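In: For reference, the sequence and a predicted model appear below.
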Amino acid sequence: MQDAAFYFVVAAVYALVGAVLSVAYYAAPKLRSEPVFHAMTLLVMVLACLVVALGATAEFETFGAFHRGLELFLFAGATLLYVPVIVYLMLHYWGLLIECILSPGSRKESQRAPQGRREEWQRIQACLETLAVDPTSAPTHEKLGDLYTGMGFLDSAVYQYQKAANWMETGYGQASVLYKAARVLIEKKSDVRGSLGILRRIVRLYPKSFFAAYARRVINQYEAHEAVRNAPRLPEDQPPKQDPTSSWPSA
């Protein structure tokens, strides 16, 4: 009877472990999505099964037919508590396998994107903290503009580039950040009109630079386009007027 009681205790502990795992997977969605927790779950399940199996093997010969049947019944009943965990792991990894087959590489990109986004926000926070201490830091304004550009906050990026230019001394660095601001407006926002003030500032301050050549080209194209668009047009059904002198006889 002591051997039977010992096995019943082992079976109860085995069942308790299964119940705890099932509750953990049900109550902790974030935890159950972690591969490390999956590996620990499998390890605990294997160890629990080994302990029960070894206990049953050691005492199997001492039990009668009734006790052996009861032992198998308890083991089967306790194993049912592990079924939710087993089903979840099977469905989870089956879904990952199907995803890898149908769209290879998509999972890696989805895992990298949130991590990269989080790092960018941390860098933005660091820049803002630096500017809170020293709002005249032109490199920090420029770095913040680069971060905003990468994240798609284009108006904020242009503002930071202009702030950087305002705190810089005249030179290549100032021309460069003004050029960045203009390109964000022109190439990413398609707002050529909004970039004209920056472009004219580049031409005025750095007339012989590459940046000024780019600025002049954009300004000239814009002005030519506006001249064509604003030119008066004759009604389509009215023929153009002819020069009356064209009908005079030649001498």
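Out: Received it, and whenever you're ready, just let me know what you need.

In: Please count neighbours and contacts with C-alpha atoms only from this point.
Out: OK.

In: Can you give the distance of stretch 76-90 from its chain's centre?
Out: 35 Å (Cα atoms, centre = their mean, to the nearest Å).

In: end-to-end on that stretch?
Out: 20 Å (Cα to Cα, to the nearest Å).

In: tell me the average confidence for it?
Out: The average pLDDT within stretch 76-90 is 84.

In: One more: stretch 11-27?
Out: Stretch 11-27 comes out at a mean pLDDT of 84.

In: what does that stretch rub up against?
Out: 31-32, 41, 45, 48-49, 52, 74-75, 78-79, 81-82, 84-85 (Cα atoms under 8 Å, 6 or more residues apart in numbering).

In: what about residue 207, which SS state?
Out: coil (DSSP: H, G, I helix; E, B strand; the rest coil).

In: Give me the neighbour count for it.
Out: Look at residue 207: counted by other Cα atoms under 10 Å, it has 15 neighbours.

In: Leaving out sequence neighbours, find the closest residue to it.
Out: If the residues on either side of it in the chain are set aside, residue 207 comes closest to residue 213, at 7.8 Å by Cα to Cα, 6 or more residues apart in numbering.

In: Can you pull the phi/psi pair for residue 189?
Out: In terms of degrees, to the nearest 10, the main-chain angles of residue 189 are phi -100, psi -10.

In: Give me the neighbour count for it.
Out: Counted with other Cα under 10 Å, residue 189 comes out at 13.

In: Identify the residues contacting it.
Out: Taking Cα under 8 Å, 6+ apart as the test, what residue 189 contacts is residue 154.

In: Show the contacting residues for residue 174.
Out: Here residue 174 is in contact with 164, 165, 166, 168 (Cα under 8 Å, 6+ apart).

In: Test my guess that residue 219 contacts residue 196.
Out: Yes. Assessed by Cα atoms under 8 Å, residue 219 is found in contact with residue 196 at 6.9 Å.
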